[in-house]
Structures are given as structure tokens and as C-alpha cells.
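*Asks:* Predicted model follows, preceded by the sequence.
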Amino acid sequence: MSTTPVVKISNYNVDFWVDGAWYPAVIDMNFQIEPGKTLAIVGESGSGKSSSAMGLMGLLAPNARTSGRVEVKGVDMLSASKQKVQSFRGKEVAYIFQEPMTALNPVYTIGFQIIETLRLHLSLSPKAAKIRAIELLAMVGIPNPDVSIDKYPHQLSGGQKQRAMIAVALACDPALLIADEPTTALDVTVQAEILDLMRDLRHKLNSAILLITHDMGVVADMADDILVMKDGLTVEYDTADNIFNRPKHPYTQELLAAVPKLGSVPMRKLSVPAKTEPVLSLKDVVVEYPKRGRIPAFVAADQITFDIFPGEILGLVGESGSGKTTVGRAAIGLIPVKSGSISVVGKEIGNAKGKDLNSIRRHTGIVFQDPASSLNPRLPIGESIGEPIFLAGIAKGDELNVMVEELLDKVELPRSYRNRYPHELSGGQRQRVGIARALALNPDILIADEPTSALDVSIQARFLDLLQDLQGKLNFACLFISHDIAVVEILSHRIAVMQHGKLVEIGPRDQILNNPTQLYTKNLLAAVPVPNPAEQKKRREARAKLLAAAGK
Amino acid sequence: MARMKSRKSMNTGSTNGVESVQVEGLSQSKIIRTKFFRHRVAVTALVILIFVILLSFTSSGIHLGTDTNPIHIQGWWPLYITDIDPDGALASICNGGISGCPTMDLLPSFIDGSPMQLGAHPIGSDDIGVDWWALVTRGAEQSLTVMVIVGVLGITIGTTIGAVAGFFGGIVDAVLMRLTDIFLVTPTLILGAIIGQKFGNLGVVPLAVMLGFFAWMGLARFVRTEFLTLREREFVDAARVAGSSNRRIIFKHILPNAIGIIIVSGTLLLSGAILIETALSFLGFGVKAPDVSLGLLISQNQASFLVAPWLFWWPGAFIIVIALCINFIGDGLRDAFDPRQLRTIPKVKKSGRARKSLV
């Protein structure tokens, strides 16, 4: 194994020209990666991690300027000609994008897209290219590669799409593979599979990998070296072992502390003595998306039964498509139920209409997944927060003003923010606005639909603190929907697990986490990466055993 | 964790300390109004447009009703389009024999030898001696009437139908869109000709109303498409959970987000209204002689551009001023509705400071 680094970056700077000023995105960056090694760049959104990688490929927006040296196989990419850089792209440096759904062209088959890359860089006949493409698909573990090669991206599942993306990236045996948040859009079990695949390929192909991610668990699973970034500056650059076990910089320590760790938090006490009357009660709820044209009807939630009692937080976990969001939306009457009953504080909401529905909804609140989409971009946030109060006819004018201010105080936002538009707030602040709106009517039950999935870890940690504080003060019950089991662990008293629209398992938190009875729950728990390299290695082996035992 | 908590409390503490004073809560409409009135170009355009409207309506007066039963209120300008003054036209000859030249002379006598004066026909008269200012102001009055009526009807109907179709979808959408198709395939010009023939003597208002009823289809299509995407956004669900009715969701939540497309196609619709009115008048179905409109004046006098340019310049200037004003007002409205506008300016300074503090 040669030790000459594949990539060597020194004094690398990226600036963006925004509104008449140079705004730095990457400041004085230095690193190198040897073949077969993985360097992870870690940082929160906006810290410049993607800009640094895009700069390596010469793919920055035209308003960017770069300086320093970026050597890939001894060639300086910054001073090389455009043709030279282009010949490197795809051949020596390959890129795996964050969203396989958008990075693959939907009008071409995956085979076409692999063959295109192959024939651009290597002089191969169409036949030879096709044979190579099938080999590649087999290598990344796509079933029936000779059939799958003619499939279009929409015919593949999310994990298969990411595998196809990797096949495209690996087409020319690149010396450097840049993976930009390769698993962020995927479920934990699929994420574990993709990480296994990448680790496997690294040994086979001996490429260097530059991994960009915000997920410390993924980093612990993959990285040899870690570079921590904040606001464009390199905060710390060291081996994975040192970063995880002996972090020097306070920011690194902070970042590690903010990552929720599975099995490290004691269960929160129920703030209200258990009562017999549930706040939210679902009985044999079936939600069906009706048939549209040739697409048959789809049962998104099947025979769901559970209760939530006052002051209790029920965590609902499951992979994407498992129907957890559907259950949450049905619980506040956004989706009609086909059969069964949903009652909120004893009143049936499942098929209520008009005024009845509105009066029941006053007992509920919902925090949506994406704060950027759930706040009206043309409405100042004060009005968004005050709207439920205004429409319920509780207050208006000055009285409403005071209530809005109290709500802003509750979620720890400055009062002057009320006249701002959503885009003027950061992601975490927007989600606080989402909570303030959900709590405007003092609901008995709060439904939180993946409220932290769009947030960075440190902001997520603060958000969870805030939610716990508020829950302690206001004693609402909560249905907390999330795909992140570590987050659910922090908050919930009980956990329910869903798969393919069915409730797999429900029980007290510690029982589900420590002694799950269902295989699916076990798989789900085993797939969660832990931000600790040594422990993660053990977990990985345990998971392999579990899968082998299940005969998968 | 402890470190982060302390930072959090420090942060919020300091910001709260500075800003815990009561801040007046501004509603969406209040913010939009202030932003619009801060938009200098738009406000100037609005003032000019109002001035043009007042000028043309007051100088030619109000002239309504049928031939047999007319209502005439004479404006401040002494001449009207029915007053013919062939001697006055012949008295002012220029450009080698063209009659009806402008009598206005703004240069004092020590420069060009003739004294400063307005004369009987300051901006000239046409070949039979009808005062050109009377014709132009009357034309502007007619064209503005057409524009306002077509604009109000077209935008209201188009927005409503597009919004309802896009929001409710399904059968409502199908029915409304087929209705739109029927209107789209109806030839406006022929319909206008029939209506012009029948009600032509009632003046320009019935014609404008008819044009308005056939001008909304493009806008309805645009608004529908916009609504189809916007109704899937989560803030619509959030509004519904807050207890909003369908009407409130459509008008308060979604419509402001679709305002850009409405303004763009609305301004196009207004300029289109002038054109189609001109076309109809040219064919003899819209505004009938001796009555005039701006478009008609221009199309009748295209040929005299070289020899008698005033016949072309003045109605042209009115059309350009009106169209520009409407466009600028549209721009101002769009910017006022767009939350990303106007607040970008201080960010430049901030980013400069950010760089200094970082490097």
C-alpha cells in the first residue's frame, strides 16, 4: 500500500461574493488523505463542509473564489486547465450526493447513467461498458443486476437508489470518493447497510474517501481521521480515536456532548400522577389512501390501537413509509380515518367535520417536521403564532398582542421577532415558532412530527431541552414521532414501534430499548450508530450476528 | 451539556435584555402597506397615474348615455371632440403646408421672434379642425375606463376561478378548467364585434365588461398551477389545524404567496386590454367615431408620423405613461408582498463585519 496521499490540501480558502462583499466559507484549510483511508469533515450546517468538497471538484457557484493548493494525485486542481479538471471529475474524483432521489436523472435508466460515465472516461465499446455496468451493480449489491440495469430511478427503493449512485461514482475506480451526507436521507437500517457497503468497497478498491456528515454516529462508524469545522475554520484535525476520546477544542466537546447517545439517559418522571382517562385514544384505526387512477388504494395505517395519558410522552418510531406521520395527522383530523375511532379528551375526531372538528382541535397542537415549510413565508411570525388564538375567538387586538408576547417568552425568543418573516430566522428559531404556535391554545395533547430532523445536533439538543422544560411546566401529553431512536429515548415515557403501517410493539421505554421482543425492533436498535468508534465496532459485529441469525 | 445550557441561557438573556420592551405587533397588511409606501418608484408612479386620470377625466368632462339620451358635463377644457374649428386648423400651418399645427409657443419672443402663447389649439388639431387635446384626453378617458374595467374583472374572475380550482382540485377543478377551455376557444374578436354592433352606441363600458369576461383565462391557469403546488405545503395544514376556514386559507394564506404571478399576468392583461380595444375600434366595432380612444388615435395617425408628428406623439405619450405607471405599481406591490425584499440592504454591511470579526 503506497503512502503518498491521494489528496493534499494546503492553505485552502473559499469565499463567496454576496451582495457586494466577500463572505468566507472555508478559511485556511489543510488536510491530506492516503489511499484506503477515510477522512470525515464534521460540522453544522453553514460551516463550509460542502463548499470545501465542491471546491475540490471545481463545482463551486460562479460567485466563489478559491486560493491555496488542492493536489489530487499531484495535480493542483485550482491552477489546472478546465479540461484537465473535467477529465479528473468522475474518473479520479467521484461524488456521492446527499439525495439519490434528485441526483439521479429520472428520465434515464440507471444502466444508462453508469454507462455514460464509463464511456466518457474510458474507451469502451457499448457492450463492454454494459458488462462493466452489470458488474458494478452486482458489486454494490443491487439484486438481479442484469434486470435492474434497465430500471428507472423511481422503480428503486431509497437504499437501492443510493447504491446505484455509488455504482455511478465507482464506475472508473476513482482515487478519491467524496461522499456528501451519503446516508442523511436514508433510514437507519438502510444507512447501516450503505455504511457496510462503503467500508467493504474501501478495502476492495483502496480509494480514499472524504466523508462529509453531521452525524457523529456515522463518523464513528467510518472515519480514520476527523476534521471538525465551524464557521469555515478548522477547529480540530486529528485521528478518530483522539477526537472521540480526547477532544481538545471546546467546540468539539460541545458537539460530542450534544449528540444523543442511546442508553445514556434515565427515564423522565411522569409529571402528572397517572390517571385512567386517556387524552388521546386510538382504537383499531385504519387509514387508507384511496385508489387514484391505476394506483391501487394504499393502507397507510392498519389496526392501530394505543392510548396516551395526561402528562405522558409517547415516542412513535419507525422507518420512512411506516405510517407514523399518517397516524399523527389522523390524530388531529388532517386525514380522515376509514374505520376505527380516534378520540381526543373523550371526543371523536376521526370523522368530525367543520365546527365540531375545530372545537376538538383546540385541545390539540402540532409541530411539523420542516419549519421552513410549515410557516407561511408571507406571514410575520407574530401573526402565525396568534392565528389559532384569533380564530378560536379567545382574544384579538391588544389582548392578542400580549398573548403572542407571552408565547414568544415561553419559547425563549425575543419579543421583537414577532414582526419578522420566517426566512429571517434560523432553523432552530423557526422550530421554536412552530412550538409557540402549537402551544397557543394550551393543548392537552401535542403532536410533534419529527420536529428535530431538520436541525443540527447542538440546536436539536437545545430544542429538546426546551421541549422538556415546557412539558414539565405545562403538563401536556405528547405524541413524539421520530425516526431517531436516541432522541425518542431522551423524551419519552413509552415507545411504540411501527412497520409497514402496523404497530409492531408498544411498551414502557426501558422495556422496548433493553428487552425488545420483536425482531424488527431489535434490528432497528442494532442499526443505530453510536458516536464512539470502539463501541460502534462492537455494535456492528453484534448486528451482523443478529442478521445472520435471522437468516437474512 | 452543561456548557451548552449555560451558553443558551446567556444568549437568550442578553437578547431578551435588549429587546424585552413591548414591540407593536404588525399585521401582514400593515407591513405590506408600509413597505409599498416606502417604495419610492411605485409611489411616484401611483401619483403620476392618479394625476393622468384626473387630468383626462376633468379636461374632457363626463360624456355618457346613448345618442338619443346623452349626458354631457363639460370639463375645464373649452373644446370637446364634437367641436369642429376648420378655420383655426387652417390658421396654423407648418411643415410646408400641413394644417392644424400646435399653436403653443413656450419660447419667449427674444429667442424665436414670436411671443409666448398657448393659442387656440396648443397641441394642434386634426385635419378637419378638431382640437387635439380634447381628442387625446377623451381617448385617455376611454382607454383608462376600458383598462380599469377589464383589469378588475379579469383579475378578480381569473384569480377566483384559478384559486378555487387549484385549491379544491378533483371534480371542482375539472369542471372549472373545462369552463376555462370553453372561454379560451371562443374568439374574443368576433364576440367583441357582435357585442360592439349591438351595444356600440352605449359607449365603451359594455364593451369593456365583455372584454373583461374574456380576459381571465390565462391568469386562471397560472393561479391554479401555483395553488396546486402551494396547497401541498405544510403551512396550509398548519393553518387548518389552527382552525382556518377554506376561505381564509385561500385568501389569507395561499393568495399572498401567489401574488407574484397575479401581478405579472395582471399587468400583461391590462396592456392587452388596450390592444384588443384598439383592434376592435380599428375594425369599427369598439369605440365609434366621433368618439375616440388612445389606441384608435394612434392607429389612425400612424401614417402622419413624419409630417404631423403631434398626432402621434401625444396619444403615444399617454399610453406609455399609463403602461409604465402600471408596471411600476405592480413592481412595488410585488416587492411589498415579498418578505425577502427591502430588508436585504443592511445585510451587506453585516457580512462585511462578519468577515472582519472572523479573519
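*Replies:* Arrived safely.

*Asks:* What residues does the stretch 1-150 of chain A have near chain B?
*Replies:* Residues of the stretch 1-150 of chain A lying near chain B by C-beta under 8 Å from any C-beta of the partner chain: A:18-24, A:27. C-beta: built from backbone N, CA, C; applies to glycine.

*Asks:* Give me the contact list for stretch A:137-153.
*Replies:* In this structure, residues lying in contact with stretch A:137-153 by C-beta atoms under 8 Å, 6 or more residues apart in numbering or on different chains are A:100-101, A:104-111, A:114, A:130, A:133-135, A:156, A:160-161, A:163-164, A:166-167, A:170, A:193, A:197, A:201, A:204.

*Asks:* Now which of these would you call buried?
*Replies:* Buried by 16 or more other C-beta atoms under 10 Å in any protein chain shown: A:100-101, A:104, A:109-111, A:114, A:130, A:133-134, A:156, A:160-161, A:163-164, A:166-167, A:170, A:193, A:197, A:201, out of the contacts of stretch A:137-153.

*Asks:* can you pull the pLDDT of residue 47?
*Replies:* I'll assume chain A. Reading off the per-residue confidence, residue A:47 sits at a pLDDT of 80.

*Asks:* meant chain B actually
*Replies:* With respect to pLDDT, residue B:47 has a value of 96.

*Asks:* So it belongs to a strand, correct?
*Replies:* No - assessed with DSSP: H, G, I helix; E, B strand; the rest coil, residue B:47 is helix; it does not lie in a strand.

*Asks:* Check the burial of it by counting its neighbours.
*Replies:* 11 (other C-beta atoms under 10 Å in any protein chain shown).

*Asks:* do stretch B:30-41 and chain A meet?
*Replies:* Yes - Stretch B:30-41 comes into contact with chain A when judged by C-beta under 8 Å from any C-beta, the residues involved being residue B:31.

*Asks:* how about the helices in the stretch 51-200 of chain B?
*Replies:* B:86-91, B:109-112, B:132-168, B:170-185, B:188-199 (DSSP state H, counting those that start in this stretch).

*Asks:* In PyMOL, select just the buried ones from the residues of the stretch 1-150 of chain A next to chain B.
*Replies:* Selecting only the buried members of the residues of the stretch 1-150 of chain A next to chain B in PyMOL, with burial defined as 16+ other C-beta under 10 Å, works like this:
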select buried, chain A and resi 21+23+24+27
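
*Asks:* re earlier: out of the helices of the stretch 51-200 of chain B, which is closest to chain A?
*Replies:* Evaluated over these, closeness to chain A peaks at helix B:170-185, with 10.4 Å, by C-beta to the nearest C-beta.

*Asks:* Output that closest one in CSV with nothing but the alpha carbons.
*Replies:* Extracted as CSV, the C-alpha positions of helix B:170-185 are listed here (Å, rounded to 0.1, in the frame of the first residue of the first chain):
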residue,chain,number,x,y,z
GLY,B,170,-60.8,16.9,-8.2
ILE,B,171,-64.2,17.5,-9.8
VAL,B,172,-64.3,21.2,-9.0
ASP,B,173,-61.0,21.6,-10.8
ALA,B,174,-62.2,19.5,-13.8
VAL,B,175,-65.4,21.5,-14.2
LEU,B,176,-63.8,24.9,-13.8
MET,B,177,-60.9,24.1,-16.2
ARG,B,178,-63.3,22.8,-18.9
LEU,B,179,-65.2,26.1,-18.5
THR,B,180,-61.9,27.9,-18.9
ASP,B,181,-61.2,25.9,-22.0
ILE,B,182,-64.6,26.9,-23.5
PHE,B,183,-63.8,30.6,-22.9
LEU,B,184,-60.3,30.1,-24.3
VAL,B,185,-61.6,28.8,-27.6
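
*Asks:* okay, the angle between that helix and helix B:132-168?
*Replies:* If you take axes from the mean of the first three to the mean of the last three C-alpha atoms, to 10 degrees, helix B:170-185 sits at 150 degrees to helix B:132-168.

*Asks:* How about the spatially most central residue of chain A: what's its closest non-neighbour residue?
*Replies:* Chain A has residue A:184 as the residue nearest its centroid, 4.6 Å off, counting by C-alpha atoms, centre = their mean. Distance criterion C-beta to C-beta, 6 or more residues apart in numbering or on different chains; nearest residue to residue A:184, sequence neighbours excluded, is residue A:98 at 5.8 Å.
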